[in-house]
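> Below are the sequence and a predicted model for it; my questions follow.
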Amino acid sequence: MDSLNFHHLRYFWTVAHEGGLRPAAEKLHISQPSISAQIRELEGALGERLFRRTGRTNVLTDSGQIALRYADEIFGLARELTAAISQRPTAKAIRLHVGVADSFPKLMTQQILQPVFAMPQVVHVICREGKVPDLLGQLTAHRLDVVLADEPATGGMKVRVFNHPLGECGVTFCAGARLAATLRKGFPRSLHQAPALLPAEGTGLRRAVDRWFQSLGIVPRVLGEFEDGALMKVMASGGRGFIPVPTLVAQEAVDRFSLRIIGLTEKCREQFFAITVDRRIHHPAVAVITGTKAAET
């Protein structure tokens, strides 16, 4: 394909963002059949279907998802061109699409991304939160530049990905003031049959804690399981049970949620990873996150 018809691309981009032909037609002031014909021409030029029909809804195909990502970049650059000409401060911003596992500590995310905002070049960060398998799917479809997770990506994926260790720490157990005072005596055996609020099964922290409990013969009385770490801390602040948190962010549980520390262990470890599609990092902001040098393109 020698050239790309950007009118066709804009019609596709508008339909994808507006959620259908009718709202796109209303926004563009063009008839629905005309937009549909333009998108078919774009599909013919690309040699791939961009939408598939599900009931009365047009849903993006895998190729459509990739095309949308590039269209976002293309029309974003067009806006930046306008900004550059008019000397607006956003003219030189680069985009960083970050996937954050819902089990990944929010404070850790802030600490990891902080150097990105300190880069000489302005960076526009777009964060998406979700489960690790879903985020890895978006990563391999090139909709994300990097995924932050508390577990490494394992084999079995069609596209190979690479794990970049960011660090690890021990685990600290916290609870409301009254329960913490009780469980602090005789820790860690005091956790046996104690009321517990734990991360959801399948998360890296939960697996690490379960292994540690098993090694000590500790069986807590599990009252709740949470995908959202902040909600888990809120529930614990009401005195309903103890919770495990990575030691690196334990002070946040004390300061923001009025929890008290029961005890900590270095034998139970929480790990943090940045996951990318490429071994050699090309995105300058991802290079800052992983502590590597960006490869030349």
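Alright, I've got the coordinates. Residues are numbered from 1 along each chain as shown.

> make it CA atoms for all contacts and neighbour counts henceforth
OK.

> Please parse this protein into its domains.
Domains of the chain are assigned by automatic domain parsing as 6-68, 88-167+273-290, 168-271.

> will you turn those domains into a markdown table that also has mean neighbour count and distance to R79?
Compiled in a markdown table, the domains of the chain are given as follows (neighbours: other Cα atoms under 10 Å; distance: least, Cα to Cα, whole Å):
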| stretch | mean neighbour count | distance to R79 |
| --- | --- | --- |
| domain 6-68 | 16 | 13 |
| domain 88-167+273-290 | 18 | 8 |
| domain 168-271 | 18 | 36 |
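
> just so I know, which of those domains lies nearest A78?
domain 88-167+273-290 (10.2 Å; Cα to Cα).

> Over the closest one, what's the mean pLDDT, rounded is fine.
The average pLDDT for domain 88-167+273-290 rounds to 86.

> starting at the chain centroid, how far to it?
Computed by Cα atoms, centre = their mean, to the nearest Å, the separation of domain 88-167+273-290 from the middle of its chain amounts to 7 Å.

> what do you get for stretch 250-263?
With Cα atoms, centre = their mean, you get 25 Å for stretch 250-263.

> Restrict that stretch to CA atoms and write it as CSV.
What follows is stretch 250-263, C-alpha atoms only, in CSV (Å, rounded to 0.1, in the frame of the first residue of the first chain):
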residue,chain,number,x,y,z
ALA,A,250,3.0,-0.4,54.6
GLN,A,251,3.5,3.2,55.9
GLU,A,252,0.7,4.2,53.5
ALA,A,253,-1.7,1.8,55.3
VAL,A,254,-0.7,3.4,58.6
ASP,A,255,-1.0,7.0,57.4
ARG,A,256,-3.9,6.9,55.1
PHE,A,257,-6.1,4.1,56.6
SER,A,258,-5.2,4.4,60.3
LEU,A,259,-4.0,0.8,60.4
ARG,A,260,-1.4,-0.5,62.8
ILE,A,261,1.4,-2.9,62.1
ILE,A,262,1.2,-6.4,63.6
GLY,A,263,4.5,-7.7,62.3
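
> which residues make contact with it from outside it?
Around stretch 250-263, the neighbours that count as contacts under Cα atoms under 8 Å, 6 or more residues apart in numbering are 107, 172-177, 180-181, 183-184, 187-188, 233-234, 236-237.
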